[in-house]
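> structure of the sequence below:
(chains A, B and C)
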Amino acid sequence: MGIGNIFKAFQPKDKVFFVLFEKVADNLVKMSQEFHDGMLDFDLNDDSLLKKMSDYEHKLDDLTHEIFVQLGENFITPFDREDINMLASGLDDIADYIYASSKYIFLYKTPDVKEFSEFSLLIHKSCVEIQNAIKHLNGFTNTAEVKESCIKINSFENIADDVLSQGLVRLFETGDAINIIKTKHVLEYLEIVTDKAEDVANTIENIIIKYA
Amino acid sequence: MGIGNIFKAFQPKDKVFFVLFEKVADNLVKMSQEFHDGMLDFDLNDDSLLKKMSDYEHKLDDLTHEIFVQLGENFITPFDREDINMLASGLDDIADYIYASSKYIFLYKTPDVKEFSEFSLLIHKSCVEIQNAIKHLNGFTNTAEVKESCIKINSFENIADDVLSQGLVRLFETGDAINIIKTKHVLEYLEIVTDKAEDVANTIENIIIKYA
Amino acid sequence: MGIGNIFKAFQPKDKVFFVLFEKVADNLVKMSQEFHDGMLDFDLNDDSLLKKMSDYEHKLDDLTHEIFVQLGENFITPFDREDINMLASGLDDIADYIYASSKYIFLYKTPDVKEFSEFSLLIHKSCVEIQNAIKHLNGFTNTAEVKESCIKINSFENIADDVLSQGLVRLFETGDAINIIKTKHVLEYLEIVTDKAEDVANTIENIIIKYA
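Below is the predicted model of the structure:
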């Protein structure tokens, strides 16, 4: 048994949750980066973006499932089971709504609007902050850093609110009812992603309040 | 006092919750069966379906209220008060959204689309699995069976996602904006029913994780 | 040190939450009163209403933030931290959706419909009952009064459901797809305010069940 394995064997049981949450966050950062790249280089004829988003969504489902399996097996958890549950579900929701947004962009063949890439940037930035918050949640050693990331996620959600309302105003100016219905649907899904990121930030802040 | 009453007198206080939850589940199975029958034999001129759905919705409200009354009176509960609360609310939501879906079908006089009966079948199947999960939740004697039902409910929700997206694509092909708005509203409500069933499955799975 | 300060010094630490919740409720009553006045005297050219709603929304954000800060500092809380959290978030949601409703009325320049003031009256009445419930929640001395207010809030939400469905039917009769999309959006946001008030009532009822 090498030094690495010895450390692994002594690794506290509850570390498994941080390892899994960090994997989830890493995947969300990559997923949102690829989504943002796709929105910047918008091409409805290339559905490889949709395929990638679907793959990430499944990957996140598997990791979320693994967290729930561990929750069933581990007596020791780093914080309340309900909080682990809520954090895992919240992160999974982010992936679900990024995927759903890209699905409806392709299904509806919505024409590109500048709000798509504005949203995808805010979503990606939020995922980067989630990744940072989760990294520093481990051991509760730097709660100031965690709080800072949560505040940023909240500010991105506020900006997203404005992107949505300005986008809708611009959309209605087209006067094309059917296009309005389709694009409004996509814009609202994109805004929900930032809501879900804010929910995650709130869950993380509540964990900090209870344990830090 | 007969043998039956003696047993009843000794019945643990917490059994009242299982009795009530089973009644709720039985009513959801019947409600969704009648709803599915109505969708298969779609007739906007016969609003007896709407009347039936309204009756079930009130019945479910009464049972949910009874659960909350018992929660206020019983010191002993079979699992956390929060979980009883969440399970009761989740089941009530299913009835609320089945009723709301049927209400808007009649109010809007939406023309029949094949997705209505596809959804109602998925909803009915989900309610049957909820009934099965709740039956086996009693005493935590067969958690494998409970988990199996929860997995099925999750798979029905996944199918419902596809029914919605394919239904919307077909709907937009009609090119009739006002009809699109109405039918989209109904399809989205029907999909929410399966989301609520998934929420109930997740609540049940969490209970299993904590107590089984 | 005067008599007042002596009392203050001996005031239990947990009273700070009731003081803050009462401030939140007072602001919601004022906000909803001004919103209702605006809906009764509907004028899209006077956006002072929107400015007022935005100010109240920020005020509520600050008070909600203060509750979370206190939650992080106080070991003693009058009821579970999760319940304080949920109550604070629920009250904040009410302000958020009143503001969002007024925002979209002005952004979309929706023509006045009678449902706007019907909703704003139900919203204001709900906020008055929330204020009453929170006042009597302090010390759990009059739970009958708290329950009575919660029942009223639930009944207002039921009426709001009907206002929405009847409003939508009337709206579709206009046959103007773009106007339908805009006004439907606003009507649904107004209905969500009453849903959020009902969520608050349910949270309060659950607190009563646990502690009274």
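
> is stretch A:109-121 positioned near chain C?
No: Stretch A:109-121 does not reach chain C (CB under 8 Å from any CB of the partner chain); its nearest approach is 14.4 Å. Yep, even glycine has a C-beta here, placed from its N, CA and C like the rest.

> which residues are in contact with that stretch?
Identification of contacts with stretch A:109-121 by CB atoms under 8 Å, 6 or more residues apart in numbering or on different chains yields A:32, A:35-36, A:38-40, A:42, A:44, A:104-105, A:160, A:163-164, A:166-167, A:170-171, A:179, A:182-183, A:186-187, A:190-191, A:193-194.

> what's the PyMOL syntax to select whichever of the residues you listed are buried?
Selection of buried members from the contacts of stretch A:109-121 for PyMOL, criterion 16 or more other CB atoms under 10 Å in any protein chain shown:
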select buried, chain A and resi 32+35+36+38+39+104+105+160+163+164+167+171+179+182+183+186+187+190+191+193+194
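
> restrict the contacts of stretch A:109-121 to those near chain B?
A:Tyr104, A:Lys182.

> out of the contacts of stretch A:109-121, which sit inside helices?
A:32, A:35-36, A:38-40, A:104-105, A:160, A:163-164, A:166-167, A:170-171, A:179, A:182-183, A:186-187, A:190-191, A:193-194 (DSSP state H).

> how about the residue of chain A found nearest chain B, what does it touch?
Chain B sits closest to A:Ala177 of chain A, with a gap of 3.9 Å, by CB to the nearest CB. A:Ala177 sits next to B:Ala177, C:Ala177, C:Ile178, C:Ile181 when contact means CB under 8 Å, 6+ apart.

> check which helix or strand the most centrally placed residue in chain A maps to.
In chain A, the residue lying closest to the centroid (CA atoms, centre = their mean) is A:Ile94, at 3.7 Å. Assessed by DSSP states H and E, A:Ile94 sits inside helix A:81-108.

> and that helix, what's buried?
Per 16+ other CB under 10 Å, helix A:81-108 contains these buried residues: A:82-105, A:107-108.

> nearest to chain C: which residue in chain A?
Residue nearest to chain C within chain A (CB to the nearest CB): A:Ala177, separated by 3.9 Å.

> quick one, phi/psi of that residue?
For A:Ala177, the backbone dihedrals (degrees, to the nearest 10) come out as phi -60, psi -50.

> from B:Phe172, how far off is it?
Remark: distance between A:Ala177 and B:Phe172 (CB to CB, to the nearest Å) = 11 Å.

> so where's chain A uncertain?
The model of chain A has pLDDT under 70 over residues A:1-13, A:212.

> what parts of it come near chain C?
So far as CB under 8 Å from any CB goes, chain A lies against chain C at A:165, A:168-169, A:172, A:175, A:177, A:180-181, A:184, A:202, A:205-206, A:208-210.

> quick one: buried ones out of these?
Listed as buried from the residues of chain A next to chain C are A:Ser165, A:Leu168, A:Phe172, A:Ala177, A:Ile180, A:Ile181, A:Lys184, A:Asn202, A:Glu205, A:Asn206, A:Ile208, A:Ile209; burial here means 16+ other CB under 10 Å.

> residues in contact with the second one?
In other words, A:Leu168. A:Leu168 neighbours (CB under 8 Å, 6+ apart): A:Lys184, A:Leu187, C:Leu107, C:Tyr108.

> what does the third one give?
When the contact criterion is CB under 8 Å, 6+ apart, the partners of A:Phe172 are A:Ile180, C:Tyr108, C:Ile178, C:Ile181, C:Lys182.

> one more: the first one?
Each residue near A:Ser165 by CB under 8 Å, 6+ apart is listed here: C:Lys103, C:Tyr104, C:Leu107.

> let me know the closest of those to C:Phe156.
C:Tyr104 (21.6 Å; CB to CB).

> hmm, back to that, farthest-separated two in the contacts of A:Phe172?
Checking the contacts of A:Phe172 with CB to CB, the most distant pair is A:Ile180 and C:Tyr108, at 11.4 Å.

> which strand or helix spans A:Lys30?
helix A:15-40.

> specify the angle between that helix and helix A:81-108 in degrees.
Helix A:15-40 and helix A:81-108 meet at an angle of 20 degrees, taking axes from the mean of the first three to the mean of the last three CA atoms, to 10 degrees as the criterion.

> just the buried residues of helix A:15-40, please?
Result for helix A:15-40 [16+ other CB under 10 Å]: buried residues A:16-18, A:20-21, A:23-25, A:27-29, A:31-32, A:34-36, A:38-39.

> shouldn't A:Arg81 be in contact with B:Tyr211?
No: counting by CB atoms under 8 Å, A:Arg81 sits too far from B:Tyr211 to count as a contact (11.3 Å).

> how near is the closest residue in space to A:Val128 that isn't next to it in sequence to A:Ser149?
Nearest residue to A:Val128, sequence neighbours excluded (CB to CB, 6 or more residues apart in numbering or on different chains): A:Val29, at 5.8 Å. According to CB to CB, A:Val29 stands 13 Å off from A:Ser149.

> can you classify A:Phe79 by secondary structure?
Following DSSP: H, G, I helix; E, B strand; the rest coil, we place A:Phe79 in the coil state.

> if I look at it, how far off is A:Glu129?
Taken as CB to CB, the span from A:Phe79 to A:Glu129 is 20 Å.

> ok, now A:Leu71?
25 Å.

> now do A:Met86
For A:Met86, the distance to A:Glu129 - CB to CB - is 18 Å.

> with A:Lys135 instead?
A:Lys135 is 11 Å from A:Glu129, by CB to CB.

> kindly report the same for A:Asp80.
23 Å.

> and A:Asn158, by the same measure?
Distance, A:Asn158 to A:Glu129, using CB to CB: 14 Å.

> neighbour count: these two, which is higher?
A:Glu129 (26 against 13; other CB atoms under 10 Å in any protein chain shown).

> these two touch, right, the more buried one and A:Ser155?
No: using CB under 8 Å, A:Glu129 is not in contact with A:Ser155; the gap is 9.7 Å.

> wait, what's in contact with A:Ala100?
Shown in contact with A:Ala100 (CB under 8 Å, 6+ apart): A:Tyr189.

> swap in A:Ser149?
A:Glu129, A:Ile130, A:Asn132, A:Ala133, A:His136, A:Ala201.

> max pairwise distance over the residues you listed: which two?
So, the contacts of A:Ser149 by CB to CB: farthest apart are A:His136 and A:Ala201, at 13.1 Å.

> which residues touch the spatially closest residue to A:Thr174 that is not a sequence neighbour?
Counting by CB to CB, 6+ apart, A:Thr174 lies nearest to A:Ile180, which is 6.7 Å off, once chain neighbours are set aside. Counting by CB under 8 Å, 6+ apart, A:Ile180 makes contact with A:Leu171, A:Phe172, A:Thr174, C:Ile178, C:Ile181.

> what's near enough to touch the first one?
When the contact criterion is CB under 8 Å, 6+ apart, the partners of A:Leu171 are A:Val113, A:Asn179, A:Ile180, A:Thr183, A:Lys184, A:Leu187.

> go with 7 Å
Shown in contact with A:Leu171 (CB atoms under 7 Å, 6 or more residues apart in numbering or on different chains): A:Ile180, A:Thr183, A:Lys184.

> how about the last one?
Neighbour list for C:Ile181: A:Ala177, A:Ile180, A:Ile181, B:Ile181 [criterion: CB under 7 Å, 6+ apart].

> adding distance to C:Ser48, write those residues out as TSV.
Shown next, in TSV, are the contacts of C:Ile181 (distance: CB to CB, whole Å):
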residue	distance to C:Ser48
A:Ala177	32
A:Ile180	29
A:Ile181	32
B:Ile181	32
